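# Structural data only, the sequence is not supplied:
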């Protein structure tokens, strides 16, 4: 094995991200503003309806395949044969990781001992976690080899509540420890929410929501900001703008927008 010492600035950085939030909050729209030419790996049926007017993206549509095919192909070292597909793209977007997790559970209960879809048990959930973890790791590795940006879109689950009905936490709709497992190798984990017709992006835990984190933004101050973007005319701040500013200033952390 040949080892090489290099400066961090000698190699190009790339964006790795999870965007999660409730349905219709703007996750897919935000992902569609990522750098360059984008390939959406569409696992959610009709998940791209909100971004048809946004330019510079294409899709690999696999949502109509059987769960066993989606999962078995997704956990291969080269998921869906993407290595030879993404050379001409800058960003790969998985929409959504929640839907892949659902397919993974359906496949898991068919192969895990003493497991059914009604009662997956430790075997079923454990195998699902292995499938999802392998898929995420392989997608990160394949896109990393080609220095492509990678974004996973994930839905928000119903709030966890105590015995009195009080909310004690809100996280991704993945199940068990998967939110933390899938986040550990990702640089940016942002929550997107729609409140009163306004979109907000949170980059660190708040309002009992977690996990969120950012290496691109300075988190010493605000934890969230309002995102002003019009998808109809593609006007407003974009992921591409923030990323280009970040790398063009030598990876100096950005101030959270006001």
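Arrived safely. These numbers come from a predicted model, not from an experiment.

# All the strands of the stretch 151-258 of the chain, residue numbers only.
Ranges of strands within the stretch 151-258 of the chain are 160-161, 167-169, 188-195, 198-202, 224-226, based on DSSP state E, counting those that start in this stretch.

# List the neighbouring strands of the second one plus their orientation.
In the sheet containing strand 167-169, the strands it pairs with under DSSP bridges are strand 160-161 (antiparallel).

# For the partner strand, give me every contacting residue.
167-171 (CB atoms under 8 Å, 6 or more residues apart in numbering). Just so you know, the C-beta spots here come from the backbone N, C-alpha and C atoms, and that holds for glycine as well.

# In PyMOL, how would I pick out whichever of the residues you listed are buried, leaving the exposed ones unselected?
Filtering the contacts of strand 160-161 down to the buried ones (16 or more other CB atoms under 10 Å) takes a single PyMOL command:
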select buried, resi 170+171
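
# which one of the contacts of strand 160-161 sits closest to residue 201?
Residue 201 lies nearest to residue 170 out of those, by CB to CB, at 15.4 Å.

# Show the model's pLDDT score for residue 123.
Per-residue confidence (pLDDT) for residue 123: 92.

# residues near the residue lying closest to it once chain neighbours are set aside, how many?
Taking CB to CB, 6 or more residues apart in numbering as the measure, residue 123 lies nearest to residue 112, with 3.8 Å between them; neighbours along the chain are not counted. Neighbours of residue 112 under the rule other CB atoms under 10 Å: 19.

# returning to what we had before: let me know which of the strands of the stretch 151-258 of the chain is tucked in deepest.
When neighbours are counted by mean count of other CB atoms under 10 Å, the highest per-stretch mean among the strands of the stretch 151-258 of the chain falls to strand 188-195, a mean of 21.

# picking up where we left off before, so the residue nearest to residue 123 touches residue 120, yeah?
Yes: using CB atoms under 8 Å, residue 112 is in contact with residue 120, at 7.4 Å.

# Quickly list what residue 19 is bridged to.
Legend: beta-bridge partners of residue 19 under DSSP bridges are residue 153, residue 190.

# Please work out how many residues are found near it.
Every residue meeting other CB under 10 Å relative to residue 19 is counted, giving 27.

# Just confirm it contacts residue 183, I think it does.
No: with contact defined as CB under 8 Å, residue 19 does not reach residue 183; the gap is 11.8 Å.

# which phi and psi does residue 57 have?
Per-residue torsions, residue 57: phi -150, psi 150 (degrees, to the nearest 10).

# Can you pull the phi and psi angles for the residue nearest to it when sequence neighbours are not counted?
If you skip the residues right next to it in sequence, residue 57 has residue 38 as its closest partner in space, 4.0 Å away by CB to CB, 6+ apart. Note on residue 38: backbone dihedrals following degrees, to the nearest 10 are phi -120, psi 140.

# any idea how far residue 38 lies from residue 77?
Residue 38 sits at a distance of 23 Å from residue 77 (criterion: CB to CB, to the nearest Å).

# picking up where we left off before, generate TSV for the strands of the stretch 151-258 of the chain, with mean pLDDT and distance to residue 240 as supplementary columns.
Compiled in TSV, the strands of the stretch 151-258 of the chain are given as follows (pLDDT from 0 to 100; distance: least, CB to CB, whole Å):
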stretch	mean pLDDT	distance to residue 240
strand 160-161	88	35
strand 167-169	88	32
strand 188-195	95	14
strand 198-202	95	15
strand 224-226	94	17
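
# how about these, which one is nearest residue 60?
Here strand 188-195 is closest among the strands of the stretch 151-258 of the chain (CB to CB), at 22.6 Å.

# quick one on the thing from earlier: got a list of what the residue nearest to residue 57 touches?
31-32, 56-58, 89-93.

# Dig out what it forms beta bridges with.
Using DSSP bridges, the beta-bridge partners of residue 38 come out as residue 57, residue 91.

# ok, it to residue 30 distance?
From residue 38 across to residue 30, the span is 12 Å (CB to CB).

# same deal with residue 15?
For residue 15, the distance to residue 30 equals 12 Å [CB to CB].

# what do these two both touch?
With CB under 8 Å, 6+ apart applied, the overlap between the contact sets of residue 15 and residue 30 consists of residue 239.
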